[in-house]
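Asker: fold the following for me, if possible:
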Amino acid sequence: MTRKRLMIGIMIVMFLALTTTVFAFGPRGGRGYGDFCRMQAELNLTKDQSERLWQIRERFHTDTEKLRYEIFQKGIELKSLYADPKADKTTILNKQKELNALRLKLQDRRAQMRVEQREVLTPEQLNKLNQFRPGPGYGMMGYGRPGQGRGFGQPGF
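Answerer: A predicted model of the protein is given here:
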């Protein structure tokens, strides 16, 4: 009986790890390519501007890959702690603080990326960008409320 429970537990953890990874990427690799193309057309970007913006964005995704994976792992650890009846309050809260610190670090890196991208645009393009909103149906992780997409779709970028 114990072995059966262990196998079920392992299967559940593997299922969660796999599905969380799949949803983390969202449609089209999670890079919001459709919104990028729409934004490119609406802002009338030059070829050079488009390439520079895309390079900045790709560099951000490459540079933050390890950090995003750490956030993913801490999230799994935190879920396991919540499900563990033996886990104490202090352990759970400390793990949440670790996760929050990693998320804050990612937000800071995202802000740095947006500042870099901002430097590529003209004042007129920045003004138009303020009115740009991503397409409907795509949210933080590729699904959900409009206006909550990653990259340029977020407020400001």
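Asker: and for L53, the neighbour number?
Answerer: Per other C-beta atoms under 10 Å, the neighbour tally for L53 reads 24. Yep, even glycine has a C-beta here, placed from its N, CA and C like the rest.
Asker: list the helices and strands the helix or strand it falls within packs on?
Answerer: Using DSSP states H and E, L53 maps to helix 47-63. Helix 47-63 sits against helix 33-43, helix 89-118, with contacts defined as 3 or more C-beta pairs under 8 Å, 6 or more residues apart in numbering; DSSP states H and E.
Asker: how about it: buried residues?
Answerer: Using 16 or more other C-beta atoms under 10 Å as the test for burial, helix 47-63 gives 49-50, 52-53, 56-57, 60-61.
Asker: list the buried residues of the next helix or strand after it.
Answerer: Per DSSP H and E, the first helix or strand lying C-terminal to helix 47-63 is helix 65-83. Neighbour counts over helix 65-83 (16+ other C-beta under 10 Å) mark 70-71, 74-75, 78, 81 as buried.
Asker: would you turn those residues into CSV with distance to Q117 and pLDDT?
Answerer: Formatted as CSV, the buried residues of helix 65-83 follow (distance: C-beta to C-beta, whole Å; pLDDT from 0 to 100):
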residue, distance to Q117, pLDDT
E70, 24, 96
I71, 22, 96
K74, 28, 96
G75, 27, 95
L78, 32, 95
L81, 37, 95
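Asker: which one of the residues you listed is nearest R110?
Answerer: Nearest to R110 among the buried residues of helix 65-83, counting by C-beta to C-beta, is I71 at 12.4 Å.
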